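> Sequence and computational prediction follow.
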Amino acid sequence: MSGAILSCLLAAASAAAQQGRVEELFSERASSSILLVYDGRRIEAGVERILLSALERAYADLVRDFGSGPVEKVVVVVYGERDFRAATHAPSWANGVFDGRVRVPARGITGVTPELLSVLRHEMTHSFVHFRSKGRAPTWLHEGLAQLEEGKTAAPFASALAGAYAQHGTFSLPALEGGFMGFSAPQARSGYAVSLAAAEMLRDTRGFGALAHFLDRLGEGGGVEEAMSEELRADYPRLESDLADWLKRHRR
Ligand SMILES: [Zn+2]
């Protein structure tokens, strides 16, 4: 994967319960679709306006892909680095968390860098996926779509993934339905890579609209494989063999 940093994970909702004290001192700024909650001591005056408008642009891009956004405002909380670790208990490889709210660390923000923008796009995608699936989307789909919306592609590691499949005969996608939070950094890297490849293959072969319908079906309470067979013409074995074929065509 490009870069040393992995954006995010899905933390358990219980992490949210540990919030509160730190955020009492935070400032807020809202638009029609986003509530930005930030540590004013960590952000230079005026940057919160730039941040909010970057978030609005990301939100509009996501609405174009997903067809609609969450009914409630997306809450984005920006912490100082140490407060972020203390408040979320995120593993060291994660630089953002979604647990119902988007939570990102910042070491003194003086502007919106491309890296920060990718993290925000990634985390905001989680809120769209969470909303459409009513919290029932498998983690591989969450992380795959979040990376796609960052603009990433699986092409750089298609060869390595195809090789691993040839060796083991599986991508172990069903094992990536649950959270990645307990993963070591290498496990997380490989989990994110497979997730991105699966989502990219599905977008290319079934279309983003079919993925959105898949999320809706999950939100109606359908099981993952049931919804998959109805909306994506696949069960896990079929999805994995389609992925292996797709990787062969996309390695470089
Ligand atoms: Zn993520």
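Arrived safely, thanks for sending.

> CA only for contacts and neighbour counts going forward, please
Fine.

> Just the closest residue of the stretch 51-200 of the chain to the ion, please.
Glu143 (4.7 Å; C-alpha to the ion).

> Isn't that residue up against Ser195?
Yes: counting by C-alpha atoms under 8 Å, Glu143 touches Ser195, with 6.0 Å between them.

> Same drill for these two, tell me which one is more crowded.
Glu143 (30 against 26; other C-alpha atoms under 10 Å).

> what mean pLDDT does the helix or strand containing that one have?
Here Glu143, judged by DSSP states H and E, is contained in helix 139-150. Averaging the model's pLDDT scores along helix 139-150 yields 96.

> Equivalent analysis for stretch 118-132, please.
Computed over stretch 118-132, the average pLDDT equals 94.

> Does that stretch reach the ion?
No: for a cut-off given as C-alpha under 5 Å from the ion, stretch 118-132 has no contacts with the ion; the smallest distance is 6.0 Å.

> So what touches that stretch?
7-8, 55, 58-59, 62, 66, 69-70, 74, 95-98, 100-104, 135-137, 142-143, 145-147, 149-150, 212, 215-216, 219 (C-alpha atoms under 8 Å, 6 or more residues apart in numbering).

> Leu35 in helix, strand or coil?
strand (DSSP: H, G, I helix; E, B strand; the rest coil).

> right, and it touches Val78 too?
No: assessed by C-alpha under 8 Å, Leu35 is found out of contact with Val78, at 11.0 Å.

> which ones are touching Arg103?
So Arg103 contacts 76-79, 84, 96-97, 123 (C-alpha under 8 Å, 6+ apart).

> Filter those residues down to the ones in helices?
Secondary structure from DSSP state H places 84, 123 of the contacts of Arg103 in helices.

> Could I get the contacts of Arg103 in TSV, plus columns for distance to Ala158 and neighbour count?
TSV is the format used below for the contacts of Arg103 (distance: C-alpha to C-alpha, whole Å; neighbours: other C-alpha atoms under 10 Å):
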residue	distance to Ala158	neighbour count
Val76	33	23
Val77	34	21
Val78	34	26
Tyr79	35	26
Phe84	33	22
Gly96	25	27
Val97	26	30
Glu123	24	31
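
> Thanks a lot, see you next time.
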